[in-house]
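Below: sequence and its predicted model.
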Amino acid sequence: MRKCLRTNGGEIVLLGSRTTIGRDGENEIQLIDERVSKQHAQILLEEDGRFVLFDLSSRNGTYVKGERIHRLPLEIGTTFQILDFEFTFDEIDENDPAVHAIEEPIKLLSGPATRKTVTASFRLDPDEPQASDRGPAAGKSPSSSSGRGGDRR
């Protein structure tokens, strides 16, 4: 079984030894919302095999059950929030097709019109053309007209 995060929009993010979360495009999980810090939080795999969530002194915080956290060992089923984004720590079977489908960092959008998760960057069928293969306007979500979304490749 592989450890992962499930988003409130249904996306699955596999966890490595270090998974970063924030507004900056260099994060494994990019949260596109001006209220999210560039480097907001991270999840580290510690030597004892446990995954631990750290808030990186973000302005708007990371919350579990309404309580702001700074460091939290994750248990299966733990749900945390960063503003409008919600993540649940979980496991996924190694044989699940989704394990092999996720190739790139995930990009999540938030805002008044979208409120929750809108899009993720992953490929289910390696032979299927990607948005960037179909032309400049392809692959943009309805909220990307604001200039904050779209394909970042």
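Looks like it arrived, so ask away.

Pull the number of nearby residues for residue 97.
For residue 97, the count of nearby residues is 9 (other CB atoms under 10 Å). Placement of C-beta: from N, CA and C, glycine included.

where do the helices sit along this structure?
Secondary structure of the chain (DSSP state H): helices at 97-101.

Which of the helices and strands in it ranks last by mean pLDDT?
Taking mean pLDDT, DSSP states H and E as the measure, the chain has helix 97-101 as its least confident helix or strand, at a mean of 61.

Give me the buried positions along the biggest strand by length in the chain.
For the chain, the longest strand by residue count, based on DSSP state E, is strand 85-92. Of all the residues in strand 85-92, those buried under the rule 16 or more other CB atoms under 10 Å are 85, 86, 87, 89, 90, 92.

What strands line up against that strand, and which way round?
Here strand 85-92 is paired, per DSSP bridges, with strand 2-7 (antiparallel), strand 79-82 (antiparallel).

Between those strands, which one is closest to residue 31.
With CB to CB as the measure, strand 79-82 is the member of those nearest residue 31 (6.3 Å).

residues in contact with the closest one?
Strand 79-82 is contacted by residues 21, 31, 36, 40-41, 53, 58, 60-64, 69, 72, 86-89 when judged by CB atoms under 8 Å, 6 or more residues apart in numbering.

Now, these that are in strands?
Those of these mapping onto strands are 21, 31, 41, 53, 62-64, 69, 72, 86-89, per DSSP E.

quick one: which two of those residues are the most distant?
Among the ones in strands among the contacts of strand 79-82, the pair separated by the greatest distance (CB to CB) is 31 and 72, at 18.0 Å.

Who has more neighbours out of these two?
Using other CB under 10 Å as the criterion, residue 31 and residue 72 rank with residue 31 on top: 24 against 19.

Would you confirm that the more buried one contacts residue 106?
No. Counting by CB atoms under 8 Å, residue 31 sits too far from residue 106 to count as a contact (9.4 Å).

low pLDDT regions in this structure?
The model of the chain has pLDDT under 70 over residues 98-105, 110-153.
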